[in-house]
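Trainee: kindly generate the corresponding structure for this input.
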Amino acid sequence: MRLFSKKTFAHGVHPPEAKEATAGLAIRRFPFPPSLTIPLSQHIGKPAVPVVREGEEVIRGQLLAEPDGFMSVAMHAPASGIVRRIGLMPSASGKMVPGIYLEPFPGSSQEVPDGAGVDLESATADEIIAGIQAAGIVGLGGAAFPTHVKLKIPEGKRCETLIINGVECEPFLTTDHRVMLEQSDDIFMGIRYLMKLTQAAKCFIGIEANKPDAAQHLQDKLPADLQAEVEVAVLPVKYPQGAEKMLITALTGHEVPSGGLPIEVGAVVVNVATTAEIGRLLPVGQGIQERVITVTGPAVKKKGNYRILIGTPLRFILDEVGVEDDIARVFMGGPMMGPAVSSLDIPVVKGTSGVTAFTLREGGDTPPKEYPCIRCAYCVDACPIFLNPSQLGLLAKNGEFATMAEEHHLMDCFECGSCSFVCPSHIPLVQHFRVAKAAVRKAKAS
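Mentor: Numbers count the residues shown, from 1 in each chain. Take a look at the predicted model:
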């Protein structure tokens, strides 16, 4: 496959890709754990509201919690079993959140019954949106934004270009890569739903050049009814190419304005795994109970791409794959954007695209010593949205959060980690920005 264009977004970095260990490994079914912990808030927005009670027996795929308004999605039973408790549970953020404790039945066939599917030919745009919300689908690339909300085109706006994001630029992760190779039919069915919903005239499937097999496979499998509108676009390898604003710039030449959304330049971006779930679940009326997750890193013995139940505890996953004795740090996701977890008792959720574990040998025990900023401007050259991370870091240390937001566009930062990656002083810039953004949001809410 030839490059779609040698042009790409400005700035960015080139961290080691570290994908070779799992890129060639087919997706495998992961064992069911003895217990599942299912947070009711696995998405941006309001937590879902339970519709089951403690002690109730449920079947796999059954509705456990319904959306609480439009900015919320449904939760479904990942396995047939019994609801042992409804209460607080630990989360990746460090906070206790409401959730459901489910004990799977060991002898169950764990089949998922079909529901009332969304007929592609007859469904209206609103019915497709309702079907996506009812299926509990969120952004599976990591953001976990409710997909139906993203697809609700605002009054007066029009989607000209639909972009399916198969870039997967995060180091170590190969989840989307394997989905493109093994679920092409689901992806194309999802595209049909999305094209009908958005009324886009053009669809790009964006893939980085380090996945030539996936690009060629999708090109070869492109159905006749989609060939006029859909194009497989191979892009140069650069981080964070998979960020939607960067991808829009690379594919369309348009820049999303500061504080704006992609629809303002006529674009809608949907992750490729999310697209595959739309194509897999909507025709049969099922809800999402599991997802593909890359389990990898130097500390993992049986690396791979696994189909894992939502709610599976990290501790169970690491016990099953085996880890080195000197395991020191575990990330939910990849090392650039994924948070390091403080507990192995938290579960994987819908937005978990990877579990990456490091040993002491990679410096995983403690972060490197931090030194004062030397004004080298490496971070300025790396930032893909042209912020000044050095200046923002100094303001953050002084607690000048309002100044960061009002004068230095703090809220435009999507925490890609490029600035922290290139900083020779090892300043944890992204962590400073997260604290600052939380303070700004709290001040606005008060």
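Trainee: tell me who's in contact with Asn388.
Mentor: Listed by Cβ atoms under 8 Å, 6 or more residues apart in numbering, the contact set of Asn388 reads 379-380, 408. Every C-beta, even on glycine, is put in place using the N, C-alpha and C of the backbone.
Trainee: distance of it from Arg375?
Mentor: Distance, Asn388 to Arg375, using Cβ to Cβ, to the nearest Å: 11 Å.
Trainee: show me how the record splits the chain into domains.
Mentor: Annotated domains of the chain cover 1-32+127-366, 378-445 [automatic domain parsing].
Trainee: will you turn the ones you listed into a markdown table that also has mean pLDDT and distance to Val97?
Mentor: Below are the domains of the chain laid out as a markdown table (pLDDT from 0 to 100; distance: least, Cβ to Cβ, whole Å):
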| stretch | mean pLDDT | distance to Val97 |
| --- | --- | --- |
| domain 1-32+127-366 | 94 | 10 |
| domain 378-445 | 93 | 16 |
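Trainee: tell me which of these sits nearest to Asp68.
Mentor: With distances scored as Cβ to Cβ, the stretch of these nearest to Asp68 is domain 1-32+127-366 (11.4 Å).
Trainee: just the strands in the stretch 51-200 of the chain please.
Mentor: Using DSSP state E, counting those that start in this stretch, the strands found in the stretch 51-200 of the chain span residues 57-58, 63-66, 75-76, 81-90, 96-104, 161-165.
Trainee: contacts for the longest one, please.
Mentor: I take that to be strand 81-90. Residues from elsewhere that reach strand 81-90 (Cβ under 8 Å, 6+ apart): 35-37, 39, 50, 52-58, 64, 96-105, 108, 343, 345-347.
Trainee: among those, which ones are buried?
Mentor: Among those, those classed as buried by 16 or more other Cβ atoms under 10 Å are 35-37, 39, 50, 52, 58, 64, 97-102, 104-105, 346-347.
Trainee: any idea how far the closest residue to Phe386 other than its chain neighbours lies from Thr249?
Mentor: Nearest non-adjacent residue to Phe386, counting by Cβ to Cβ, 6 or more residues apart in numbering: His11, 7.1 Å away. As judged by Cβ to Cβ, His11 and Thr249 stand 11 Å apart.
Trainee: who has more neighbours, these two?
Mentor: Of the pair His11 and Thr249, Thr249 is the one with more neighbours under other Cβ atoms under 10 Å, namely 21 against 17.
Trainee: from memory that one sits against Phe9, does it?
Mentor: Yes. If you go by Cβ atoms under 8 Å, Thr249 and Phe9 touch, sitting 4.7 Å apart.
Trainee: re the thing from before, mean neighbour count, the domains of the chain: which tops it?
Mentor: domain 1-32+127-366 (a mean of 20; mean count of other Cβ atoms under 10 Å).
Trainee: that domain: how far from the chain's middle?
Mentor: Centre-to-centre, domain 1-32+127-366 and its host chain are 6 Å apart (Cα atoms, centre = their mean, to the nearest Å).
Trainee: then stretch 98-112?
Mentor: Relative to its chain's centre, stretch 98-112 lies at 24 Å (Cα atoms, centre = their mean).
Trainee: same check, this time on stretch 102-116
Mentor: 26 Å.
Trainee: what mean pLDDT does that stretch get?
Mentor: If you average the pLDDT over stretch 102-116, you get 90.
Trainee: ok, and what's touching it?
Mentor: Applying Cβ under 8 Å, 6+ apart, the external contacts of stretch 102-116 come out as 32-38, 58-61, 64, 77-84, 284-287, 289, 311.
Trainee: so which helix or strand takes in Leu395?
Mentor: helix 389-397 (DSSP states H and E).
Trainee: contacts for that helix, please.
Mentor: So helix 389-397 is contacted by 373, 375, 377, 379-380, 382-383, 401, 403-404, 408, 410, 413, 419, 427, 429, 432-433, 435-436 (Cβ under 8 Å, 6+ apart).
Trainee: got the confidence number for Ser93?
Mentor: Looking at Ser93, its pLDDT stands at 75.
Trainee: give the burial count for it, as a bare number.
Mentor: Other residues lying near Ser93 total 11 when counted by other Cβ under 10 Å.
Trainee: any idea how far Ile164 is from it?
Mentor: 29 Å.
Trainee: now swap in Phe421 and tell me
Mentor: For Phe421, the distance to Ile164 equals 27 Å [Cβ to Cβ].
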